[in-house]
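Engineer: Turn this into a model:
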Amino acid sequence: MNCYSLSAEHIRKRYGGNTVLRDVSVHVKQGEIYGLVGRNGAGKTTLLRVLTGLIQEYDGMVSVGRIDSRPSKVSAVINTPALFLNLSAAENMREQSYLLGLRSDTLTAQALITVGLENCGKKPVKTFSLGMMQRLKLGMALLKSPDILILDEPANGLDPEGIAELRELLLHLNQAIGMTIMISSHILSELAQLATCLGILHNGVIVKEMSLRNFSQNGTTLEELYMQHTKGRQ
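Structural biologist: Okay, the predicted model is just below:
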């Protein structure tokens, strides 16, 4: 038994003749915001789908930690859940609750409050900004009261206001609730404001894992760190 909320050892995943993940090991401690960084096509989404069980055919091992003698609950936003654009935020949340077998108006109401969408009334989701839609998807992921939240490129397409709102929400979930969060992104400036630790995925391998809690004190930027560990590597 390891001490991590979520870990993977020597993950290898192929699609036909294309090896996407060659030998990937990641280690996410409880209460961390783990930033997974890599260029487009590096395999970040594939790795997250392995970690959440959406991909079940792979080599290697994934382990989920325990809290109070029970397995940690994991929720994710990885291209899902789909939204019903003609329904309201509350109706979308209720549909997701039923799909999960929860059927709890209390849970849906609390999730809407957490993501700041409790006052949207009957406004259809098709009129929402991208930031509001992203928060609604997060709300759906929170219905299971997860211990670990996994997000794939959550800031993609958002304007600066939407990115700031998302950042504040994720920091609240981590700092006030103690949720462990794993975020994949290629926006290093955003990870610099969110992540407490970092994993760099390059050419199918994690080339560096490190804590960022004291990172700002050494004068190196995340961009410089990324280039340091990826430039010239095959």
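
Engineer: Poorly predicted segments of this structure, please.
Structural biologist: 1-2, 80-81, 216-218, 232-234 (pLDDT under 70).

Engineer: Which residues outside stretch 219-234 are in contact with it?
Structural biologist: Stretch 219-234 has contacts (CB atoms under 8 Å, 6 or more residues apart in numbering) with 37, 188, 189, 191, 192, 198, 200, 202, 203, 207, 208, 215. Just so you know, the C-beta spots here come from the backbone N, C-alpha and C atoms, and that holds for glycine as well.

Engineer: Drop anything exposed from those residues.
Structural biologist: Buried subset of these (neighbour count, 16 or more other CB atoms under 10 Å): 37, 188, 191, 192, 198, 200, 202, 208, 215.

Engineer: can you tell me the helix or strand for the third one?
Structural biologist: Residue 191 is located in helix 188-194, with elements delineated by DSSP states H and E.

Engineer: got the buried residues for stretch 48-63?
Structural biologist: 48, 49, 50, 51, 52, 55, 58, 62.

Engineer: got the buried residues for the longest helix seen in the chain?
Structural biologist: When the chain is parsed with DSSP state H, its longest helix is helix 160-175. For helix 160-175, a neighbour-count test (16+ other CB under 10 Å) marks 162, 163, 165, 166, 169, 170, 173, 174 as buried.

Engineer: Next: stretch 179-189.
Structural biologist: For stretch 179-189, by 16+ other CB under 10 Å, it's 179, 180, 181, 182, 183, 184, 185, 186, 187, 188.
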